[in-house]
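Trainee: show me how the following folds:
(one chain, ligands or ions: 1)
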Amino acid sequence: MSSVITLHNVSKRFGRTQALDDVNLEIPPGIVFALLGENGAGKTTMIRILTGFQTPDSGTATVLRHDCVKGGMEIRREIGYVSDAPALYDWMTADEIGWFTSAFYDEAFSNRYLELLAAFDIPSGTRIKSMSKGQRAKVALALATAHDPQLLILDEPTSGLDPMVRRQFLESMVDRAALGRTVLLSSHQISEVERVADWVGIMHQGQLKLVQPLDALKQSTRIVTATMDDASATIALPPGNVLTESRNGRQMRWIVQDMPDNWQTTYSCESGVEDLKSESATLEDIFVAVCDRRATRPVDHEETSRPEPQLF
Ligand SMILES: Nc1ncnc2c1ncn2[C@@H]1O[C@H](COP(=O)(O)OP(=O)(O)OP(=O)(O)O)[C@@H](O)[C@H]1O
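Mentor: Residues are numbered from 1 along each chain as shown. As a prediction, the model looks like this:
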């Protein structure tokens, strides 16, 4: 089945800031795709390009087969979109804003909207201006999903919501994916993403550093810890793709992807190692390994620790 979202070599610069740097991505239908990244990583810029609010400097982007530059109007009509600060007409009641929005969609919209309001416990006669942040977010989500879109794009949908509302929100995302719809959400909430996402993309400084199904990502990434017999002792990097290395006294720690199954057979023979263990990494460990500028990039101690030959 063809992708719901595609980005090919998309770049976008604002003055000196490279907000997106040669981003490539394909999102298949029927999944919850979570875009993770620190502040300023480029998530909103990507979403604004996908929704036709911003034009890329180079590259191509399509959503539901519409080109994002030429077909922004069609895209916004077909998808559901909730921005990080949804603009709602404040003076309207929840009912009125639904009635107003229903003019753009088919007859089924109004009934579905009212059902969603009831499910979210929003009194339909309440004016938007007297609603709490969470209630407004629920109205925005009901407006974005009442036409049952193939694709729902949410920019930090749960920021500022209480845990119960968050849970309700996220469960409704999983339900949508189960019905074959696609959800793209950007988030800082790693633990939430871990609960609901099928796929994750990690953005860092405008680049999409990693895109993988969440289960496969967690299965392929391990934390390896070696306790050395001396605080100055070193050891070669573990086999596989070592993302980061850290040291605390006698303990060395690496986050490693794609370690061979038999990694311990050769590695544990290294001298100076008292204890060696490997455990599964959480999404947060992986996120920090990819994004944290303070995290140490690995150095092969085999090379660096070998003593220089002494000449007498
Ligand atoms: N209209 C704009 N004009 C100038 N710079 C911009 C504009 N929009 C975004 N940027 C810059 O581009 C970079 C990426 O911003 P973006 O909003 O896409 O990040 P983000 O990942 O959504 O961040 P956050 O999680 O903080 O919302 C930032 O450095 C931001 O300052």
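Trainee: hey, where'd the strands end up in the stretch 201-312 of the chain?
Mentor: Taking DSSP state E, counting those that start in this stretch, the strands of the stretch 201-312 of the chain run over residues 207-213, 221-228, 241-248, 251-257, 273-280.
Trainee: with mean pLDDT and distance to the ligand as extra columns, can I get those strands in a markdown table?
Mentor: Where you see a C-beta, it was placed from the backbone N, CA and C, and this is true even at glycine. Listed next are those as a markdown table, based on pLDDT from 0 to 100; distance: least, C-beta to the nearest ligand atom, whole Å:
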| stretch | mean pLDDT | distance to the ligand |
| --- | --- | --- |
| strand 207-213 | 92 | 12 |
| strand 221-228 | 90 | 23 |
| strand 241-248 | 86 | 21 |
| strand 251-257 | 89 | 22 |
| strand 273-280 | 87 | 27 |
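Trainee: can I get these in JSON lines including mean neighbour count?
Mentor: Listed next are these as JSON lines, based on neighbours: other C-beta atoms under 10 Å:
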{"stretch": "strand 207-213", "mean neighbour count": "18"}
{"stretch": "strand 221-228", "mean neighbour count": "20"}
{"stretch": "strand 241-248", "mean neighbour count": "17"}
{"stretch": "strand 251-257", "mean neighbour count": "20"}
{"stretch": "strand 273-280", "mean neighbour count": "13"}
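Trainee: my guess is Arg166 meets Ser191, correct?
Mentor: No - the pair Arg166 / Ser191 is not scored as a contact, 10.3 Å apart, by C-beta atoms under 8 Å.
Trainee: quick one: which of those two has more around it?
Mentor: Remark: of Arg166 and Ser191, Arg166 carries more neighbours, 19 against 10, as counted by other C-beta atoms under 10 Å.
Trainee: quick one, what contacts that one?
Mentor: Applying C-beta atoms under 8 Å, 6 or more residues apart in numbering to Arg166 gives the contacts 158, 189, 192.
Trainee: again, but for Ile153
Mentor: Counting by C-beta under 8 Å, 6+ apart, Ile153 touches 47, 50-51, 79-82, 183-185.
Trainee: equivalent analysis for Leu20, please.
Mentor: Contacts for Leu20 were tallied using C-beta under 8 Å, 6+ apart; they are 10-12, 42, 45-46, 49, 56, 206.
Trainee: one more pass at 6 Å, please.
Mentor: By C-beta atoms under 6 Å, 6 or more residues apart in numbering, the contact set of Leu20 is 10-12, 42, 45, 206.
Trainee: now do the helices in the stretch 151-300 of the chain.
Mentor: Using DSSP state H, counting those that start in this stretch, the helices found in the stretch 151-300 of the chain span residues 163-178, 190-196, 214-220, 263-267, 283-291.
Trainee: and the last one, what's buried?
Mentor: It stands for helix 283-291. Within helix 283-291, the residues scored as buried using 16 or more other C-beta atoms under 10 Å are 283, 285-291.
Trainee: ok, so of those residues, who is nearest Pro149?
Mentor: Ranked by distance to Pro149 (C-beta to C-beta), these are led by Leu283 at 27.0 Å.
Trainee: how near is that closest one to the ligand?
Mentor: 17 Å (C-beta to the nearest ligand atom, to the nearest Å).
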